[in-house]
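Visitor: below are the sequence and a predicted model; questions follow.
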Amino acid sequence: MRYWLMKSEPDEVSFADVLEAPGKTVAWFGVRNYQARNFMRDQMQVGDGVLFYHSSCAVPGVAGVAKVAGGPYPDASQFDADSHYFDPKATREQPRWISVDVTAVAEGRYLPLTEMRGVPALEDMVLLQKGSRLSISPVTQGQWDKVLELMGV
DNA sequence: GCCAACGTTGGC
DNA sequence: GCCAACGTTGGC
């Protein structure tokens, strides 16, 4: 059982979208970074905790708590020539990118990035490191507990 | 829109 | 395998 922080642009998929999805479960697709992919492929397990983070928006921050509900499996968008995420080098025989399914667990209070930066217990979070751009990053038990406490979950 | 930081590509 | 050029991320 591990914990993760996963970034999504709310204009594309927001935590509210997950709450409104059938079964409150959505496919996490479009990861095109090897380090993030390898986390999904090699370490992520069904049941792992997920902090659903909103990036590239007016107020970046953790929008909700989720968990891994399925996968990994090949990301269908890599084969779709009409998709923004199409990868001409990926084949059905040798997929390059993968997806997992994520399901909403709790919403809680929105926790802005600016607030997280002021919390000593969170200062080592990968998210908060200078230059960190990883769309999927590991979260420690202590960081997880603190974030959920701050969100009132 | 700016730009720092990082990742990827491709010539050599 | 090096590394310059280019592309992307993402906060501000």
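Guide: Noted; the coordinates are in hand.

Visitor: just want the residue of chain A that's nearest DNA strand B.
Guide: Chain A approaches DNA strand B most closely through residue A:131 (2.1 Å), counting by Cβ to the nearest atom of the strand. Every C-beta, even on glycine, is put in place using the N, C-alpha and C of the backbone.

Visitor: sec struct for that residue, please.
Guide: coil (DSSP: H, G, I helix; E, B strand; the rest coil).

Visitor: now it: how far from DNA strand C?
Guide: Residue A:131 sits 9 Å away from DNA strand C, going by Cβ to the nearest atom of the strand, to the nearest Å.

Visitor: what number of residues lie near that residue?
Guide: Neighbour count for residue A:131, taken as other Cβ atoms under 10 Å: 4.

Visitor: would you confirm that residue A:137 belongs to a strand?
Guide: Yes. Assigned with three-state DSSP, residue A:137 falls within a strand.

Visitor: okay, now the closest residue to residue A:96 other than its chain neighbours: neighbour count?
Guide: Ranked by Cβ to Cβ, 6 or more residues apart in numbering and with sequence neighbours excluded, the top spatial neighbour of residue A:96 is residue A:90, at 4.2 Å. Residues lying near residue A:90 (other Cβ under 10 Å) number 17.

Visitor: one more: residue A:35?
Guide: By other Cβ under 10 Å, neighbour count at residue A:35 equals 12.

Visitor: distance of it from DNA strand C?
Guide: From residue A:35 across to DNA strand C, the span is 11 Å (Cβ to the nearest atom of the strand).

Visitor: quick revisit: can you pull the contacts of the residue nearest to residue A:96?
Guide: A:78, A:79, A:96, A:97 (Cβ atoms under 8 Å, 6 or more residues apart in numbering).

Visitor: isn't the second one up against residue A:94?
Guide: No. With contacts counted by Cβ atoms under 8 Å, residue A:79 stays clear of residue A:94, the gap being 11.5 Å.

Visitor: these two - which one has more neighbours?
Guide: Between residue A:79 and residue A:94, counted using other Cβ under 10 Å, the more crowded position is residue A:79 (17 against 8).

Visitor: got the contact list for the more buried one?
Guide: Each residue near residue A:79 by Cβ under 8 Å, 6+ apart is listed here: A:86, A:90, A:92.
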